[in-house]
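**Q** The amino acid sequence is not available; the structure is as follows:
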């Protein structure tokens, strides 16, 4: 199986498992077929150690997708990885940067911040980090999430 790495906003790969184990540090994110998101090295090792089912359970959409992805070419997997990166958000808060996160995970993280107005956001294609209020669609979704929390 081959893997891709993400470090300093640069995707590299494909790499064999042995290369990842010996050459990737804890600041690199790793992704490969069957994985839903980029993950750190520790979580990737957990993914490797999970027992694999011998027969796919077709009642599970995730397993069907994973089985399908494993049959893709390296170029197709790289394209999926790039799309995932382009669909990811990063945020900065109190001098620290977090990400990549998909939009729903970003909203969840932002909704847990004490001073969300201090968060800065960035996504591939953006020129600079920008404050949350400059992303009205995200702000609306976040406000709905915060209203749900208050009502609960």
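**A** Here it is on my side, so go on. Quantities reported herein were computed from a predicted structural model and do not represent experimental measurements.
**Q** mind giving me the domain ranges of the chain?
**A** 2-86, 89-151 (automatic domain parsing).
**Q** what about the protein, any weak spots by pLDDT?
**A** 9, 52-87 (pLDDT under 70).
**Q** Which parts of it are strands?
**A** 2-7, 10-16, 29-31, 89-93, 96-101, 120-123, 130-131 (DSSP state E).
**Q** in the fourth one, what's buried?
**A** Residues 89-91, 93 are the ones in strand 89-93 that count as buried (16 or more other C-beta atoms under 10 Å). C-beta coordinates here come from the backbone N, C-alpha and C atoms, glycine included.
**Q** likewise the second one?
**A** Within strand 10-16, the residues that qualify as buried are 11, 13-15, counting by 16+ other C-beta under 10 Å.
**Q** just how off-centre is the longest helix belonging to the chain within its chain?
**A** Ranked by residue count under DSSP state H, the longest helix found in the chain is helix 136-151. Average the C-alpha atoms of helix 136-151, do the same for its chain, and the two points are 22 Å apart (C-alpha atoms, centre = their mean, to the nearest Å).
**Q** contacts for it?
**A** Defining contact as C-beta atoms under 8 Å, 6 or more residues apart in numbering, one finds that helix 136-151 is touched by 103, 106-108, 110-111, 116, 121, 132-133.
**Q** Identify the farthest-apart pair in those.
**A** 108 and 133 (18.9 Å; C-beta to C-beta).
**Q** Let me know which of the strands of the chain is the nearest to residue 152.
**A** strand 96-101 (22.7 Å).
**Q** In the closest one, which residues are buried?
**A** So for strand 96-101, counting by 16+ other C-beta under 10 Å, buried means 99-101.
**Q** Name the strands paired with that strand and say parallel or antiparallel.
**A** strand 89-93 (antiparallel) (DSSP bridges).
**Q** Give me the distance from the strand it pairs with to the chain's centre.
**A** On C-alpha atoms, centre = their mean, the centre of strand 89-93 falls 12 Å from the chain's centre.
**Q** Specify the angle between that strand and helix 136-151 in degrees.
**A** Strand 89-93 runs at 60 degrees relative to helix 136-151, counting by axes from the mean of the first three to the mean of the last three C-alpha atoms, to 10 degrees.
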